[in-house]
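Enquirer: starting from these lines, generate the structure:
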Amino acid sequence: MSPTTLPAAGPEHGHVTFLGAGPGDPGLLTLRAVEALANADVLVAEHEVLDVVRTHARQGVAVVHTDADPSSDPVPGTGTPQLTVVDSTSTTVGAPAVRDAAHLVMEAARGGRRVVRAVSGDPGLDTDAAAEMLACAAAGVPFEVVPGIATAVGVPAYAGVPLRDAEGTDVRFVDARTASDRCWTEVGASDGTVVVSTTLDSVAAAAGELVSAGRKPDTPMTVTVAGTTTRQRTWSATLGTVAQTLKQAKVLPSPDGGRPVIAVVGERSAAAQRDQLSWFESKPLFGWKVLVPRTKEQAASLSDQLRSYGAVPHEVPTIAVEPPRTPQQMERAVKGLVTGRYEWIAFTSVNAVKAVREKFEEYGLDARAFAGIKVAAVGDQTAKALIAFGVKPDLVPSGEQSAAGLLEDWPPYDPVFDPIDRVFLPRADIATETLVAGLIELGWEVDDVTAYRTVRASPPPAETREAIKGGGFDAVLFTSSSTVRNLVGIAGKPHNVTVIACIGPATAKTAEEHGLRVDVMAPEPSVHKLAEALAEFGAKRRAAALEAGDPVTRPSERRPGARRRRSTT
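Expert: Down below sits the predicted model:
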């Protein structure tokens, strides 16, 4: 055995799942693929799909991926994948081991392990996967195939280029890297759509092959790089102009000209209608790198919303949550819940729910301790956290989701109907007094208890700090004044080309005090309304560029030396 030891063996023969990871978008994995990944003992993945599949693998899986450096291939030009053990909780790794994929898959399977062999696109179109399937069959190792979306089909769909029309256009698929002269002749003689898998620096040569085989130089053509990802970019040209188009776009010559691309060629391939059909690249925040400076738990749903707009969210915690310095007050309040001290408990954040839940677990309590107590939540996210705890809130603001909105709906104390006049309010140490003052005005007694402390988080990695200060981010979302102060404190001030979006007037004022110009403000104090407002800003910016005949660019794609002045209004 080499220095690399795979997980402990089970029965003599294991099982192999050949899995298609699709063309790049993690959302295109099938449900069956996610299930197989969750049960895998060993994950063998091509480098380009590792990030797509790895998040669905269980903890402790042995992870193996193809080496990204072509120079490490001991047999250059053979196309045989070589694999390097890069990470595993359950794998002992000595020196990195480079092996043939089929050998590694077979070795793992013979040890009784459940092996997932993940390839880009669909395994049925992967020649290496086919060879590995034959090896499994010859050795009597059971295997299955989980199809994936083929790259040659998925990428045109994301580029807004349907491959067939109402007349049933013939579609041919060509891998330019292995196509023979006969293959080019056949597709050149056809008038159907041709989908060519090639590389950026070879696409013009592939176009030349089609022209030589009989296609007209003015035949429409689209070229898509990084398809189905937020780095996707598509150019429209013809067979005769594609080289000039890529040169004018300053794509070639380029050191990364070997990047894979999908080119679609054909009179009826809808290339001419791409302006109307380009649904993916026309998303309002497509490709925008957006900084989300919140705690990781708070950032999750906001990041999901940003992704739906085409953005690439980057979560940078600016606030860390810690227990109160003196826990006795919180302990007395939780015991008071059980003994009937309170009529109401009001939660003003997800962190408050978490703090009370942790204290409950410490005392062996559960949601039943809330029996007979009315529960209020400041907004939908806090309400969801309570429901996950097993508690359905009695009061959630019908209007603005804030302390003021909660007070709008809070009933005044009535000694006839309310046997107890006391409210338990677990909050952060830096919370404002708006809710406390409002409840007292309504006749309630309030136990204002520090349930948790908010402290400044540790600085992010150096490359993130440089991106913040150097204009690497297209936008930053500030959801409170403290996120402004803390981000500037731990990472520096965002570059003046970065779009600044604030959740409300108070946060905007703090941003301006730190020398930032506020471009976007939410119509109401909600993180989701803030994301919507940023998407609307991005859509208007895109529309203005198209109307002016300018290329659509992201804020970070500024001209050298271009700087934005801070607003003086």
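
Enquirer: CA atoms for contacts and neighbours, from now on please.
Expert: Fine.

Enquirer: elements contacting the longest strand along the chain?
Expert: Across the chain, the longest stretch assigned as strand under DSSP state E is strand 445-456. In terms of contacts (3 or more CA pairs under 8 Å, 6 or more residues apart in numbering; DSSP states H and E), strand 445-456 is packed against strand 319-322, helix 328-339, helix 350-363, strand 422-428, helix 434-441.

Enquirer: longest helix of this structure?
Expert: helix 527-547 (DSSP state H).

Enquirer: circling back to that earlier point, convert the longest strand of the chain to CSV, retaining C-alpha atoms only.
Expert: C-alpha atoms of strand 445-456 as CSV (Å, rounded to 0.1, in the frame of the first residue of the first chain):
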residue,chain,number,x,y,z
GLU,A,445,-43.2,46.3,33.2
VAL,A,446,-40.1,45.2,31.3
ASP,A,447,-37.2,42.9,32.3
ASP,A,448,-34.6,44.1,29.8
VAL,A,449,-32.0,41.3,29.9
THR,A,450,-28.7,41.1,28.2
ALA,A,451,-28.9,37.7,26.5
TYR,A,452,-25.8,38.1,24.4
ARG,A,453,-23.0,40.5,23.6
THR,A,454,-22.0,41.6,20.1
VAL,A,455,-18.3,42.1,19.6
ARG,A,456,-16.2,43.0,16.6
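
Enquirer: show the backbone phi and psi for residue 264.
Expert: phi -120, psi 130 (degrees, to the nearest 10).

Enquirer: can you tell me how far it sits from residue 348?
Expert: Residue 264 sits 53 Å away from residue 348 when distances are taken as CA to CA, to the nearest Å.

Enquirer: what about the nearest residue to residue 447 once chain neighbours are set aside, distance to residue 453?
Expert: The shortest distance from residue 447 to any non-neighbouring residue, by CA to CA, 6 or more residues apart in numbering, is to residue 424 (5.0 Å). Distance of residue 424 to residue 453, computed by CA to CA: 17 Å.

Enquirer: more neighbours: which of those two?
Expert: residue 424 (22 against 18; other CA atoms under 10 Å).

Enquirer: who does that one bridge with?
Expert: residue 345, residue 447 (DSSP bridges).

Enquirer: ok, now which ones touch it?
Expert: 333, 342, 344, 345, 346, 446, 447, 448, 449 (CA atoms under 8 Å, 6 or more residues apart in numbering).

Enquirer: mind listing what residue 444 touches?
Expert: Here residue 444 is in contact with 412, 413, 421, 422, 423 (CA under 8 Å, 6+ apart).

Enquirer: just the buried residues of these.
Expert: 413, 421, 422, 423 (16 or more other CA atoms under 10 Å).

Enquirer: just the C-alphas of the very next helix or strand once past the longest strand of the chain, formatted as CSV.
Expert: Using DSSP states H and E, the helix or strand that follows strand 445-456 towards the C-terminus is helix 462-470. Only the C-alpha atoms of helix 462-470 are listed here, as CSV (Å, rounded to 0.1, in the frame of the first residue of the first chain):
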residue,chain,number,x,y,z
ALA,A,462,-5.6,39.6,3.7
GLU,A,463,-6.9,39.0,0.1
THR,A,464,-10.4,39.9,1.2
ARG,A,465,-9.2,43.1,2.9
GLU,A,466,-7.3,44.0,-0.3
ALA,A,467,-10.4,43.4,-2.4
ILE,A,468,-12.4,45.6,-0.1
LYS,A,469,-10.0,48.5,-0.3
GLY,A,470,-8.9,48.0,-3.9
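
Enquirer: other SSEs contacting helix 462-470?
Expert: Going by 3+ CA pairs under 8 Å, 6+ apart, helix 462-470 lies up against helix 481-491.

Enquirer: against the centre of this structure, work out the most remote residue.
Expert: residue 416 (52.9 Å; CA atoms, centre = their mean).

Enquirer: and that one, which of the three is it?
Expert: coil (DSSP: H, G, I helix; E, B strand; the rest coil).

Enquirer: tell me the phi and psi of it?
Expert: phi -80, psi -40.

Enquirer: can you start the count at 54 instead of 1 from here on
Expert: Let's use 54 as the start, then, which means that last one is residue 469.

Enquirer: ok, now how distant is it from residue 491?
Expert: 21 Å.

Enquirer: and for residue 380?
Expert: With CA to CA as the criterion, residue 380 and residue 491 are 26 Å apart.

Enquirer: tell me the contacts of the closest residue to residue 155 other than its chain neighbours?
Expert: Distance criterion CA to CA, 6+ apart; nearest residue to residue 155, sequence neighbours excluded, is residue 185 at 5.2 Å. Neighbouring residues of residue 185 by CA under 8 Å, 6+ apart: 154, 155, 158.

Enquirer: among those, which ones are buried?
Expert: Applying 16+ other CA under 10 Å to those flags 154, 155, 158 as buried.

Enquirer: after the strand or helix carrying the second one, next one along is what?
Expert: Residue 155 is located in helix 154-163, with elements delineated by DSSP H and E. Where DSSP H and E defines the elements, the next helix or strand beyond helix 154-163 is strand 167-172.

Enquirer: buried ones in the helix or strand that that next one is followed by?
Expert: Using DSSP H and E, the helix or strand that directly follows strand 167-172 along the chain is helix 180-192. Within helix 180-192, the residues scored as buried using 16+ other CA under 10 Å are 181, 182, 185, 186, 188, 189.

Enquirer: which of those residues sits closest to residue 240?
Expert: Residue 240 lies nearest to residue 181 out of those, by CA to CA, at 24.8 Å.

Enquirer: where in the chain is pLDDT low?
Expert: Across the chain, the ranges flagged by pLDDT under 70 are 54-66, 118-153, 321-326, 348-353, 612-622.

Enquirer: so which of residue 380 and residue 491 has more stuff around it?
Expert: residue 491 (17 against 14).

Enquirer: quick one, what contacts that one?
Expert: Contacts of residue 491 by CA under 8 Å, 6+ apart are residue 460.

Enquirer: what's the first-to-last distance across stretch 157-175?
Expert: End-to-end distance for stretch 157-175: 20 Å, by CA to CA.

Enquirer: how far does it sit from its chain's centre?
Expert: Here stretch 157-175 is found 27 Å from its chain centre; the criterion is CA atoms, centre = their mean, to the nearest Å.

Enquirer: again, but for stretch 514-529
Expert: On the basis of CA atoms, centre = their mean, stretch 514-529 sits 18 Å off its chain's mean C-alpha point.

Enquirer: just to revisit the earlier point, any chance of the contacts of residue 185 in TSV, plus distance to residue 550?
Expert: Formatted as TSV, those follow (distance: CA to CA, whole Å):
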residue	distance to residue 550
154	46
155	50
158	49
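
Enquirer: between those residues, which sits nearest residue 410?
Expert: residue 158 (45.2 Å).

Enquirer: does that closest one touch residue 98 like I think?
Expert: No. In this structure, residue 158 is not within contact of residue 98 by CA atoms under 8 Å, at 10.6 Å.

Enquirer: any common contacting residues for the two?
Expert: Shared contacts of residue 158 and residue 98 (CA under 8 Å, 6+ apart): residue 170.

Enquirer: still on that earlier bit, got the buried residues for the helix holding residue 155?
Expert: 154, 155, 157, 158, 159, 160, 161, 162, 163.

Enquirer: please apply the same query to stretch 297-306.
Expert: 298, 299, 305.

Enquirer: contacting residues for the last one?
Expert: Yep, that's residue 305 we're talking about. 253, 254, 299.

Enquirer: if you set the cut-off to 6 Å instead, what comes out?
Expert: residue 299 (CA atoms under 6 Å, 6 or more residues apart in numbering).

Enquirer: give me the secondary structure label for it.
Expert: Once three-state DSSP is applied, residue 305 turns out coil.

Enquirer: how far away is it from residue 594?
Expert: For residue 305, the distance to residue 594 - CA to CA - is 27 Å.

Enquirer: ok, now the first one?
Expert: Note on residue 298: its distance to residue 594, by CA to CA, is 25 Å.

Enquirer: now find how far off-centre the longest strand of the chain is within its chain.
Expert: With CA atoms, centre = their mean, you get 33 Å for strand 498-509.
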